[in-house]
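*Asks:* Test case, fold it:
(one chain, ligands or ions: 1)
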Amino acid sequence: MHELSLAQNLISQVLNLAREHQAKKVLRVSVEIGPFSGVVVDSFRFGYEVLSQEHGETRGSVLEIREPEQSFRCFSCGHVFNGKKMGDPCPDCKEGTLVAWGGDDIILLSVEME
Ligand SMILES: [Zn+2]
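*Replies:* The predicted model follows:
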């Protein structure tokens, strides 16, 4: 399962950070999942919950997931719009067409530890 290896990567990142800061316990992990990542958020969360139990540092930590809306950028004028579709005409300059704009990966935003 793709999401499981992504969760594993995240936990490795978090563990590295915890060790760098000589933290004993990770309390909260915030990530942003890019709207074009294709990640199944529930599976990712499940993977995190299972795998985080395997390490003393991450056991019991809370995973916060942000999912920004898909946005699209005009090819011609560069304006960014939400609530549009790929290939729609630009509502602003009416010249360009809209292309996907936004993350397609998982970004670690912050880690709270003690
Ligand atoms: Zn435009």
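
*Asks:* I'd like the next helix or strand past the lengthiest helix in the chain.
*Replies:* If each helix of the chain is counted by residues according to DSSP state H, the longest one is helix 2-20. Once helix 2-20 ends, the next helix or strand along the chain (criterion: DSSP states H and E) is strand 26-33.

*Asks:* orientation of the longest helix of the chain relative to strand 26-33 in degrees?
*Replies:* Taking axes from the mean of the first three to the mean of the last three CA atoms, to 10 degrees, one finds helix 2-20 and strand 26-33 inclined to each other by 130 degrees.

*Asks:* other SSEs contacting helix 2-20?
*Replies:* Packed against helix 2-20 by the contact rule (3 or more CB pairs under 8 Å, 6 or more residues apart in numbering; DSSP states H and E) you find strand 26-33, helix 41-52, strand 106-113. For glycine as for every other residue, the C-beta is placed from the backbone atoms N, C-alpha and C.

*Asks:* So which of those is the most surrounded?
*Replies:* Comparing these by mean neighbour count (mean count of other CB atoms under 10 Å), strand 26-33 comes out on top with a mean of 19.

*Asks:* Kindly format the C-alpha coordinates of that strand as CSV.
*Replies:* This file holds the C-alpha atoms of strand 26-33, laid out as CSV (Å, rounded to 0.1, in the frame of the first residue of the first chain):
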residue,chain,number,x,y,z
VAL,A,26,6.5,13.6,19.9
LEU,A,27,3.2,15.2,20.8
ARG,A,28,1.8,16.4,17.6
VAL,A,29,2.7,16.2,13.9
SER,A,30,1.2,18.5,11.3
VAL,A,31,1.3,17.8,7.6
GLU,A,32,-0.2,19.2,4.5
ILE,A,33,-1.2,16.7,1.9
